[in-house]
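Q: Let me see the structure of the following:
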Amino acid sequence: MRIMRFLPLLAALWLGACSPAVPEARAQQAQDGELADFVLIDKSDRTLWVYQKGEVIRTYRGLQYGDEPVGHKRFEGDERTPEGRYTITYGNEQSSYYLSLYIDYPNADDRAYAAAQGRSPGGLIFLHGQPNALPFDARVPGDWTDGCIALSNREIAELWTLIPNGTPIDIRP
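A: From the prediction side, this is the model:
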């Protein structure tokens with residue numbers, strides 16, 4: 001009877017083990033020649049658009065942010081998501097979340113503002129999937145990151161193949 005208490009945990013671990021493999025290559029293997037050259041996020045609309053040569057090639061809705069989603073990230077620990085123009089500089093397959101794409105926050109203005117206040121601007125802001133401990137198709141409800149932008153695992157897997165290093169990203173309020 002003791003094992004019955006652990007069946008839900010065992011089932012979750014098994015489902016997690018059966019999740020799709022991490023994509024082996026980033027952006028270089030984009031299908032049909034699709035490759036992002038710009039990413040736009042509207043925080044209030046919770047929407048991300050992927051552009052190629054001025055045309056939208058993908059749209060993702062239902063983005064998740066930090067626990068304080070309104071306003072620009074100013075300081076480490078404020079749990080806000082940055083706003084402004086940044087660059088996606090690299091992908092991380094070894095993330096605590098299913099795949100992550102690094103956004104180069106803070107920029108010079110962010111660092112200067114935080115320094116003038118005697119604070120750290122924070123950092124390590126990513127587009128990423130859901131926590132690795134969850135089954136592949138599970139999703140944490142609500143806003144829960146520390147300032148990152150979370151999507152479903154399937155969505156971040158697709159973005160992984162579309163967004164090369166060096167892609168500009170504009171995050172609007």
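
Q: From here on, just use CA atoms for contacts and neighbour counts.
A: Fine.

Q: Now do the strand ranked longest in the chain: distance to the chain's middle.
A: Assignment by DSSP state E gives strand 84-92 as the longest strand of the chain. Relative to its chain's centre, strand 84-92 lies at 10 Å (CA atoms, centre = their mean, to the nearest Å).

Q: Now stretch 69-77: buried residues?
A: 69-70, 72-76 (16 or more other CA atoms under 10 Å).

Q: Retrieve the pLDDT associated with the closest residue to residue 140 other than its chain neighbours.
A: Excluding its sequence neighbours, the residue lying closest to residue 140 (CA to CA, 6 or more residues apart in numbering) is residue 130, at 7.0 Å. Looking at residue 130, its pLDDT reads 98.

Q: now do residue 69
A: Residue 69 is assigned 87 on the pLDDT scale.

Q: you'd agree it is up against residue 81?
A: Yes. Using CA atoms under 8 Å, residue 69 makes contact with residue 81 at a distance of 6.3 Å.

Q: residues shared between the contacts of those two?
A: Common neighbours of residue 69 and residue 81 (criterion: CA atoms under 8 Å, 6 or more residues apart in numbering): residue 147.

Q: Can I get the longest strand of the chain in CSV? Just the C-alpha atoms.
A: The C-alpha coordinates for strand 84-92 follow below in CSV (Å, rounded to 0.1, in the frame of the first residue of the first chain):
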residue,chain,number,x,y,z
GLY,A,84,13.5,47.6,-24.7
ARG,A,85,15.9,46.5,-27.5
TYR,A,86,18.2,43.6,-26.8
THR,A,87,19.8,40.7,-28.7
ILE,A,88,19.4,37.0,-28.4
THR,A,89,23.0,35.9,-28.1
TYR,A,90,23.1,32.1,-27.5
GLY,A,91,21.1,29.1,-26.7
ASN,A,92,21.4,26.9,-23.6
